[in-house]
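*Asks:* fold the following.
(3 chains)
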Amino acid sequence: MSQGLNPAQHNAVESQARFLRVLAGAGSGKTRVLVSRAAWLIGSQGVSPYRLLAVTFTNKAAAEMRTRIESLCNMNVRGMWVGTFHGLAHRLLRIHWRDAGLLEEFQILDADDQLRMIKRIHKDHNITDTDFTPKLSKWYINSEKDAGRTPAEVGECNDRQAQLLHQVYSTYQKQCEQSSLVDFAELLLRSLKLLQNNPEVSALYRHKFQHILVDEFQDTNSIQYQWLETLLGEATSLTIVGDDDQSIYGWRGAQIQNILGFADSFAGTETVRLEQNYRSTATILAAANAVISQNQNRLGKSLWTEGDAGQPIGLYAAYNEQDEAKYIVDQIKQHKEQGKHYKSQAILYRSNAQSRVLEEALIYGRVPYRIYGGLRFFDRAEIKNTLAYLRLIGLTQDDAAFERVVNFPTRGIGDRTVQIIRERALRDDASLWVAAESLIAQGSSSEGLKGRARNAVAAFIEMIRSFQHKAINYSLSELTSFVIFEAQIDAHYNKEPHEQKQSKLENLKELVSATQSFDHLAQMTPEDKWFDPEMVNEPLFEAHRNQAVSPSPEVQVTVNQSLVAFLEHVALESGERQADAFEDAVQLMTIHSAKGLEFPIVYLSGMEEGLFPSQMSMQDSSKIEEERRLCYVGITRAEEYLLLSHAEVRRIYGEERRTRVSRFVREIPSECIQEVRLGSITRPSTLGNRSLASEAFASSSSGYAHFSNNQAATTSGSQGAVSSDDESYLTLGTNVQHKIFGEGVILALEGKGARQRVQVNFKTAGSKWLMASIAQLETV
DNA sequence: TACGGCCAACTTTTT
DNA sequence: GTTGGCCGTA
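*Replies:* Next up, the predicted model:
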């Protein structure tokens, strides 16, 4: 099972050290080592698969690890403790919900609903955006939780803002507990508190787990570290795998110190470095090594390969971002002609805002593409609204869900009425649902709701109750269809304009079919789902089972387990937004989301100071180091060919700015780089180099001139679709000569025919907009 | 309740 | 240049 491993990998896999740190460079077979070690422990060391805890950050990594362990060990293991930090913490809370102070039906609050709750709290506390934004409160709450601090544990708040923030945190937390809602950070915080406050629970797991394996350790934050420490028993071994050079989530609380200082924290740590790279050419590795070696705060590693030098790294200096995009698209097409699939080519960028221009160029070049990181299916408003009904059915205390659907679709419960319900909830320390019920129950007394508002709220409550009733006998997918129809969600979207209506109704259908795969879970018990076979006989759970025999009064409805499972899935595992493996499309994504992926051909765009490194990081040397690590991640995504590009002029927030090439480009040894000044379409020509580039632009696809034309035509509505080719020698990047201003380069084109305007950047006269028909530009 | 107009803000993001 | 929030009007 450790066949085909290199010596370093072999040492890591079969290490006997209790504390093992594997520093795995990019492309050095990290996952393979982790999986082989797990398989070796189970297969050769006799460790029970249930006594192994393997933790990752993404569901994708967890799923991969699980299937690979299963195939290496040739077994199919249910209940293995392999998962994400959040998924495993959630599992602990599901098993020990009572000790964790939760309702059995507790639900997970996603980032969007968290922000909505905070906005509500800001309004109630009269905090305006000029004080601070809900986003800041969200950031504050999540960082406090990530540091392991409950509202009570936050230290002194010196200024007014800190006090207010703390107040928002306390109120938010109180409301979450009221509703038995757990946000992402709370999954970890609460399961940590569960272990800390219940010695018999932590003793169980500290004894149970003989080996803990952690992937991407450089990304762990403070609470994840504490969580691992708490699970670490006296005889538990800990293997961590990671790469300090790929720590790019410091801004989100990741503590690079966790991996840097690991050997100091755990005496006797063995460190194994994996430096042989199986992914990239020697040239790409030389560039990556050179860049990352500029960082001071690192353990130090140097990647090497037995492979060839490969092609030099391309460097393209574009005139502006359109030219940059155009060049990249041309290169993609050329590589495609040379037999490289679109899906093996990726365009990476520092910030999402950069994707638009690239997308436009791809559309006009008719190149299929796929963007990672847009709105996910379960984040769409129509889906979230429908899910909120399901949540309310499963847990009426869920105030976030209540707020979302109480007047959606509009049913005459206006803001005033909802405000009355909120005030009552506040007064009675109750959920919105209970408050609404009590207001209805008081009839038309002066205390309660009156007239139309009362009827509307009563009808709403009655409707949700009827759904709960259906939930007992309906399958989840039947229930979902029923809700969409009965709550008139479909009728609401049917009223919208055609294109939107179409896609929204299709999404609702898609939602129903997504629920179908959960229908078969209806009869599952929580124990089936969360326990592993070795836990069934645990004495600790006997007590809980006996408790469960006498039902507690707060249990309201027998919850359909497929509903619970589906909502968990949506909250914790809806994240993957990947291209289908068989779809041949160029991949577009931020460098952050490219981590862990690899592509034969990578275009690293926007290599400019202020963009990459980002303006926000340029003041602080530790932030610059993180940007540099990000650059290292970007470079090492490429297997065969890497192209770096930057624009000399870029539009940022609607303003054109001159740029300087990124310092990271200058940190790459010049012998690794070949500047590309033209599209490599070569053809016999008497034109100079620069004009050749222009030829390449003009020859492929319709070009930006036409794009601008189309825009002008649709906005003005008065022009025909016929394009005159009179001015077609004017394309982006063409070198032109003007009688008065001299030589310059075309930066942009607008309009067509007699009305065509061009922006030319003249060598001496600077940038000017000219009417093409008057300016009489000549190509050089 | 729904819209259009005006203003301010603006990295990176899995769970 | 695009988005989200707020406010006034039909």
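
*Asks:* list the contacts of residue A:404.
*Replies:* Neighbouring residues of residue A:404 by C-beta atoms under 8 Å, 6 or more residues apart in numbering: A:113, A:116, A:384-385, A:388. Just so you know, the C-beta spots here come from the backbone N, C-alpha and C atoms, and that holds for glycine as well.

*Asks:* please flag which of these sit within helices.
*Replies:* In helices, defined here by DSSP state H, the members of the contacts of residue A:404 are A:113, A:116, A:384-385, A:388.

*Asks:* if we can go back for a sec, nearest to residue A:205 among the contacts of residue A:404?
*Replies:* residue A:113 (30.0 Å; C-beta to C-beta).

*Asks:* which one is the closest one nearest to, not counting chain neighbours?
*Replies:* Once flanking residues are discounted, residue A:113 sits nearest to residue A:400: 4.4 Å by C-beta to C-beta, 6 or more residues apart in numbering.

*Asks:* state the number of residues packed around the one you found.
*Replies:* When neighbours are defined as other C-beta atoms under 10 Å, residue A:400 has 24 of them.

*Asks:* with residue A:135 instead?
*Replies:* 12.

*Asks:* other SSEs contacting whichever strand or helix holds it?
*Replies:* Taking DSSP states H and E as the criterion, residue A:135 maps to helix A:134-146. Packing partners of helix A:134-146 (3 or more C-beta pairs under 8 Å, 6 or more residues apart in numbering; DSSP states H and E): helix A:111-124, helix A:160-179, helix A:184-197, helix A:222-231.

*Asks:* circling back to that earlier point, out of the contacts of residue A:404, which end up buried?
*Replies:* Neighbour counting by 16 or more other C-beta atoms under 10 Å classes A:113, A:116, A:384-385, A:388 among the contacts of residue A:404 as buried.

*Asks:* give me the element the spatially most central residue of chain A is part of.
*Replies:* Centroid-nearest residue in chain A, with C-alpha atoms, centre = their mean: residue A:373, separated by 6.2 Å. For residue A:373, there is no host helix or strand (DSSP H and E).

*Asks:* circling back to that earlier point, which among the buried ones among the contacts of residue A:404 gets closest to residue A:96?
*Replies:* Residue A:96 has its nearest neighbour among those in residue A:113, at 24.2 Å by C-beta to C-beta.

*Asks:* how much space separates the closest one from residue A:452?
*Replies:* Distance from residue A:113 to residue A:452, counting by C-beta to C-beta, to the nearest Å: 29 Å.

*Asks:* now residue A:131
*Replies:* Relative to residue A:452, residue A:131 is positioned 36 Å away (C-beta to C-beta).

*Asks:* check the burial of the residue of chain A found nearest DNA strand C by counting its neighbours.
*Replies:* Of all residues in chain A, residue A:654 sits closest to DNA strand C, at 2.8 Å by C-beta to the nearest atom of the strand. Look at residue A:654: counted by other C-beta under 10 Å, it has 5 neighbours.

*Asks:* can you pull the phi/psi pair for it?
*Replies:* Here is the backbone geometry of residue A:654 (degrees, to the nearest 10): phi 80, psi 10.

*Asks:* likewise residue A:608?
*Replies:* Dihedral angles (degrees, to the nearest 10) for residue A:608: phi -130, psi 150.

*Asks:* nearest residue to it in space, please, no chain neighbours.
*Replies:* residue A:659 (4.2 Å).

*Asks:* tell me where the stretch 351-500 of chain A has strands.
*Replies:* Under the criterion DSSP state E, counting those that start in this stretch, the stretch 351-500 of chain A carries strands at the ranges A:369-371.

*Asks:* give the residue spans of it that score low on pLDDT.
*Replies:* Residue ranges of the stretch 351-500 of chain A with pLDDT under 70: A:443-447, A:499.

*Asks:* what does the stretch 551-700 of chain A give?
*Replies:* In the predicted model, the stretch 551-700 of chain A carries pLDDT under 70 at residues A:551-559, A:575-582, A:678-700.

*Asks:* still on that earlier bit, you'd agree the residue nearest to the centre of chain A is up against residue A:593?
*Replies:* Yes: between residue A:373 and residue A:593 there is a contact under C-beta atoms under 8 Å: 5.5 Å.

*Asks:* what's the spacing between the host helix or strand of residue A:665 and its chain's center?
*Replies:* Following DSSP H and E, one finds residue A:665 within helix A:663-666. On the basis of C-alpha atoms, centre = their mean, to the nearest Å, helix A:663-666 sits 27 Å off its chain's mean C-alpha point.

*Asks:* ok, and the closest non-adjacent residue to residue A:440?
*Replies:* Ranked by C-beta to C-beta, 6+ apart and with sequence neighbours excluded, the top spatial neighbour of residue A:440 is residue A:458, at 4.9 Å.

*Asks:* tell me the secondary structure for residue A:347?
*Replies:* Secondary structure for residue A:347, judged by DSSP: H, G, I helix; E, B strand; the rest coil, is strand.

*Asks:* which residues sit in contact with it?
*Replies:* Residue A:347 touches A:328, A:358, A:586-589, A:602-603, A:605, counting by C-beta under 8 Å, 6+ apart.

*Asks:* can you tell me which of those are up against DNA strand B?
*Replies:* Subset of the contacts of residue A:347 in contact with DNA strand B: residue A:589, counting by C-beta under 7 Å from any atom of the strand.

*Asks:* and the contacts of residue A:347 as CSV, adding secondary structure, distance to residue A:145 and neighbour count?
*Replies:* Listed next are those as CSV, based on DSSP: H, G, I helix; E, B strand; the rest coil; distance: C-beta to C-beta, whole Å; neighbours: other C-beta atoms under 10 Å:
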residue, secondary structure, distance to residue A:145, neighbour count
A:328, helix, 40, 24
A:358, helix, 36, 25
A:586, strand, 38, 28
A:587, strand, 33, 22
A:588, strand, 32, 26
A:589, strand, 28, 23
A:602, strand, 36, 30
A:603, strand, 38, 28
A:605, coil, 35, 30
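
*Asks:* alright, calling it a day.
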